[in-house]
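Engineer: Whatever this is, show me its structure:
(chains A and B)
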Amino acid sequence: MLQHPLVRPLGALVALLLVDAFLVPGFFHLEVKEGHLYGAIIDILNRAAPLMLAALGMTLVIATRGIDISVGAVVALSGTVSAMLIGGDTPSTSMAVALAASLGVALLCGLWNGVLVAGIKLQPIVATLILMVAGRGLAQLLTDGQIVTVYYQPFFFLGGGYLAGLPFSLFVVTAVFAATLLLVKKTALGLFIQAVGINPVAARLAGLCTATLITFVYVFCSACAGLAGMLITSNIKSADANNAGLLLELDAILAVTLGGTSLAGGKFSLVGSMIGALIIQTLTYTIYSLGVPPEVNMVVKSIVVFVVCISQSSEFKNILRRSA
Amino acid sequence: MSAVATGTRGVTSAPWFTSLVTVVLLVAMLGIGGSVYPGFLSLQVIFNLLIDNAFLLVIAVGMGFVILSGGIDLSVGSVLALSTMISAWLLQHAHWPPAAVILLVLLLGACFGGAMGTIIHLFKLQPFIVTLAGMFLARGLCYLISVESITIDDPVFTAMSQTQVPILGGFLSPGAIIALVVLLVAIWLAHFTAFGRAVYAVGGNEQSAAMMGLNVGRTKVLVYALSGFCASLGGVLFAFYMLSGYGLHGQGTELDAIAAVVIGGTLLTGGYGYIAGALSGVLVLGAIQTLIAFDGTLSSWWTKIVIGALLFVFCVVQRVMGGRSKQ
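Structural biologist: Residues are numbered from 1 along each chain as shown, chains lettered A, B, ... in the order given. Have a look, this model is predicted:
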């Protein structure tokens, strides 16, 4: 029971929530205002939505032994495209077209990454470094370095609206999560991804189309990042090519690692990554609400990463076993 | 296969080939700049490339060692910021003598890197994730010292930022000269010492290196300590240059350094390349910025796009030409 890989991340999340329950008055209090559910928990879930999306995509990439550090740039690009196409009170293009276009841009980014990794066989970190550097530049080029503000009301529903009393962004995350889970559990895709992650050469020799699989995970990761970009843009009602999604890739990698997925590829847990993203967001919330200066946030986050990584390493377990 | 084709293959897969491409590219960029913009090809413009990018050169040298050993160090940008912050605070608020400040900062940087290296080696963790945590830690520590920028008015630091050392009709800053000295020492370290050979061996194949009896752990810890030292020295040079300490200094520098190392011809898989490539890589990055500044009509974000395009070209060239033997 204690050996289950999700025990550690869940334990960390529960511990954090317990700390909050004791230290933050009314932490678990939920109330209904104007038909919407309000409360700290809802707030955390809502704010974690973009990170959860990014972490979902990153999980599959990491499962194939890859890494995608262009997530933040893709967020900036897709956010910029949707904001620019929608624009003022009366959108220049219909919202559906704008959303499709920004998702399309994200898919193209993913295809670019995938072709570099699977086709030209560049190291994933270098391949995605290219888009990480150039993507933000492209977004800035599109907007002339300005922040693009959106005034079109219906667009705000995406990141700030409520459906059945819950934030709409949660439904987006749930839908993507459910679809991904179905895809990897109910089809052979999950097994294929694991096979590529454990041994790409053996997987290819066994008849798997590794190049297509690898391209797919990068496209999927970028699509998730693109969705996250739209949520963020809709939530803050503007797109800032300089800062949107800055360091999001690192938080996503962090969430995946905290969730128990090994960076060495092979084994992965989508549920774990979701929990990891929630840990990061709860940690941020806790730090803010405890009145600790926000500057401490990064120090605490880094110490948590060190502790979690070291405690998950097999070497550490060996040392424990020897001393016990 | 004809003799000519074999010869071409021999040249393109030679270790120095991608480095040569970089140098040719650099010369071409300077040449184009000189023919299009009057005054571009003066000696001082080239010296200014060095002056403006001295800190990046030092950091890229450290990063070069890490990448040669098969690792990566994402913390260098924040260690740079932390160094400027500690220096500024000690000088302005604790009134320490500048020499003591610099020594302490360099020591702290080396220890920080060494600690990360120890964790990487001891717990067999991915360098990527450990240095990522180190990046958050160093950046966070900056804000613990102060969220505001601290101006440095120490006479020694001011003198270092304003002194012009005349050389060959132009001038260099003391920071640029320190950076060049660091580069020379690093080249000696990489190519003429046992440590350098161990770094190449570990980067080439860690298991073989261990079987050959090399102390892999010590090499790894030293490599990260060296990178931390270079990052903090970069921070000191940056403090000379900016005369301030600030938590946002050097954001994204780790990526610039990685880009410089890659453009300089070092393979990110490790064990292959030259430390001297860091100089050409940094100069290429600087030349792009100078070209765009001279043009005046191009926006600064073109820099990023061009750097991205260059990275792409170099990686593909490495992959198709040089890196055949490495899978």
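
Engineer: quick one, helices of the stretch 151-300 of chain B?
Structural biologist: In the stretch 151-300 of chain B, the helices defined using DSSP state H, counting those that start in this stretch lie at B:155-162, B:174-192, B:194-204, B:206-211, B:216-242, B:253-263, B:277-295.

Engineer: May I see the buried residues of the longest one?
Structural biologist: Using 16 or more other C-beta atoms under 10 Å in any protein chain shown as the burial criterion, the residues of helix B:216-242 that qualify are B:216, B:219-242. Just so you know, the C-beta spots here come from the backbone N, C-alpha and C atoms, and that holds for glycine as well.

Engineer: likewise the third one?
Structural biologist: Of the residues in helix B:194-204, those buried by neighbour count under the rule 16+ other C-beta under 10 Å are B:Gly196, B:Ala198, B:Val199, B:Tyr200, B:Ala201, B:Val202, B:Gly203, B:Gly204.

Engineer: show me what contacts the second one?
Structural biologist: Applying C-beta atoms under 8 Å, 6 or more residues apart in numbering or on different chains, we find B:Ala198 in contact with B:Ala209, B:Leu214, B:Asn215, B:Thr219.

Engineer: now the last one, nearest residue through space, not along the chain?
Structural biologist: This means B:Thr219. Of all residues not flanking B:Thr219 in the chain, B:Ala198 sits nearest, at 4.5 Å (C-beta to C-beta, 6 or more residues apart in numbering or on different chains).

Engineer: Likewise for the third one?
Structural biologist: Using C-beta to C-beta, 6+ apart and skipping residues adjacent in sequence, the residue nearest B:Asn215 is B:Ala198, 7.3 Å away.

Engineer: ditto for the second one
Structural biologist: Closest residue to B:Leu214 apart from its sequence neighbours, by C-beta to C-beta, 6+ apart: B:Ala198 at 5.0 Å.

Engineer: could you measure the one you found against B:Gly204, distance?
Structural biologist: Noted for B:Ala198: a distance of 11 Å to B:Gly204, by C-beta to C-beta, to the nearest Å.

Engineer: Equivalent analysis for A:Val172, please.
Structural biologist: The spacing between A:Val172 and B:Gly204, counted by C-beta to C-beta, is 46 Å.

Engineer: same check, this time on A:Thr257
Structural biologist: Distance of A:Thr257 to B:Gly204, given as C-beta to C-beta: 28 Å.

Engineer: show me what contacts the closest residue to B:Ala260 other than its chain neighbours?
Structural biologist: What sits nearest to B:Ala260 in space, not counting adjacent residues and going by C-beta to C-beta, 6+ apart, is B:Gly281, at 3.4 Å. Neighbouring residues of B:Gly281 by C-beta under 8 Å, 6+ apart: B:Thr22, B:Ala60, B:Ala259, B:Ala260, B:Val261, B:Val262, B:Ile263, B:Gly264, B:Gly265.

Engineer: contacting residues around A:Met95?
Structural biologist: Per C-beta under 8 Å, 6+ apart, neighbours of A:Met95: A:Ile86, A:Tyr152, A:Pro154, A:Phe155.

Engineer: coming back round to it: so can I have a markdown table of the helices of the stretch 151-300 of chain B showing mean pLDDT and distance to B:Ile120?
Structural biologist: Formatted as a markdown table, the helices of the stretch 151-300 of chain B follow (pLDDT from 0 to 100; distance: least, C-beta to C-beta, whole Å):
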| stretch | mean pLDDT | distance to B:Ile120 |
| --- | --- | --- |
| helix B:155-162 | 87 | 34 |
| helix B:174-192 | 94 | 20 |
| helix B:194-204 | 92 | 12 |
| helix B:206-211 | 89 | 12 |
| helix B:216-242 | 94 | 6 |
| helix B:253-263 | 88 | 16 |
| helix B:277-295 | 87 | 22 |
